[in-house]
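S.K.: Have a look; sequence and predicted model below, questions after that.
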Amino acid sequence: MARGLAVIALALVLAPSALGDPKTVKPDRPAINRLLDEFVPAVVEQKNLKRGWQLVGGFSRAVTYRQWLTGNTSVQTYPAKGTRFHGWLVNYSYPGDVGFDLLLQSRNPKQGAWSFRAEAQKLGGRWKITSWYPVAEFAPPGQAGRVNGPADLGAGAAASAAAGESRLPPWVLATPAAAIAVLVLGAVGFATVRWQRRRRRVRAIEQLLASDR
């Protein structure tokens, strides 16, 4: 009986239908806009870490509260310019779970824009940032065109900058080109999430089949 149910479930998982993946929904942009308008200054710029602790969850809380308050957060800091951060691009949107990319400009004229990948989840009835990390760094205006990837933005970036840096013409730094780059990154992230979700379901069914042998 269990084997028969497992076969049916496997067929549903692999079928190209709405039953194969979580239902996609329109993201709650007003709520996430409000979240980002608080999160970026409080956490990314570290202006109010006590308040920022209430705005994060999941992986973003990978450190203790005491470590968080001393600035040893799990979130990459950046001197973001502006007070409204509504220009994020959706990678995926499920009920209570939204993945997106956000391009931030720096207050420092000697520092280029950074693109961040993030996830927001609705936890306990409130939207919180559960994942936040940089995926691309663009050269400042007027400097030789370059785009650094994730490997260049983490620990040991200085040692690997030469190997990870891509030399590109200056027009790559234009806003439309930056938006295209973020869209491409978002498409890859969306496809990866869908594949991971489906693979987890297949593994669960495989385990059910094995237990019935």
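M.R.: Arrived safely, thanks for sending. Keep in mind that what you see is a predicted model, and the values were worked out from it rather than measured.
S.K.: Grab the nearest non-local neighbour of Phe100.
M.R.: The shortest distance from Phe100 to any non-neighbouring residue, by CB to CB, 6 or more residues apart in numbering, is to Trp88 (4.4 Å). C-beta coordinates here come from the backbone N, C-alpha and C atoms, glycine included.
S.K.: Give me the neighbour count for the one you found.
M.R.: 22 (other CB atoms under 10 Å).
S.K.: pretty sure it is touching Ile32, no?
M.R.: Yes: between Trp88 and Ile32 there is a contact at 7.3 Å, judged by CB atoms under 8 Å.
S.K.: what residues are shared contacts of those two?
M.R.: Shared contacts of Trp88 and Ile32, defined by CB atoms under 8 Å, 6 or more residues apart in numbering, are found at Phe100.
S.K.: biggest strand in the chain by residues?
M.R.: As assigned by DSSP state E, the longest strand anywhere in the chain is strand 126-138.
S.K.: could you say what helices and strands it packs with?
M.R.: For strand 126-138, the elements it packs on are helix 29-39, strand 114-123, strand 146-148, helix 150-153, helix 175-211, judged by 3 or more CB pairs under 8 Å, 6 or more residues apart in numbering; DSSP states H and E.
S.K.: okay, and the helix or strand of this protein with the least pLDDT?
M.R.: helix 157-164 (a mean of 35; mean pLDDT, DSSP states H and E).
S.K.: can you list contacts of stretch 98-110?
M.R.: By CB under 8 Å, 6+ apart, stretch 98-110 touches 27-28, 32, 36, 40, 44, 78-82, 85, 87-93, 112-121, 135, 140-141, 178-179, 182, 185-186, 189-190, 193.
S.K.: Sketch out the low-pLDDT regions of this protein for me.
M.R.: 1-21, 144-213 (pLDDT under 70).
S.K.: Going by neighbour count, which residues in stretch 60-68 are buried?
M.R.: Within stretch 60-68, the residues that qualify as buried are 60-61, 68, counting by 16 or more other CB atoms under 10 Å.
S.K.: Next one: Asn72 from Asp28, what distance?
M.R.: 31 Å (CB to CB, to the nearest Å).
S.K.: ok, now Ser60?
M.R.: From Ser60 to Asp28 the distance is 19 Å (CB to CB).
S.K.: Surely Val44 touches Ser74?
M.R.: No: here Val44 does not reach Ser74: they are 11.9 Å apart, not a contact under CB under 8 Å.
S.K.: Settle it for me: which of the two has more neighbours?
M.R.: For the pair Val44 and Ser74, the greater number of neighbours falls to Val44 (24 against 16), based on other CB under 10 Å.
S.K.: Identify the residues contacting the more buried one.
M.R.: 75-78, 80, 104, 132 are the contacts of Val44 under CB under 8 Å, 6+ apart.
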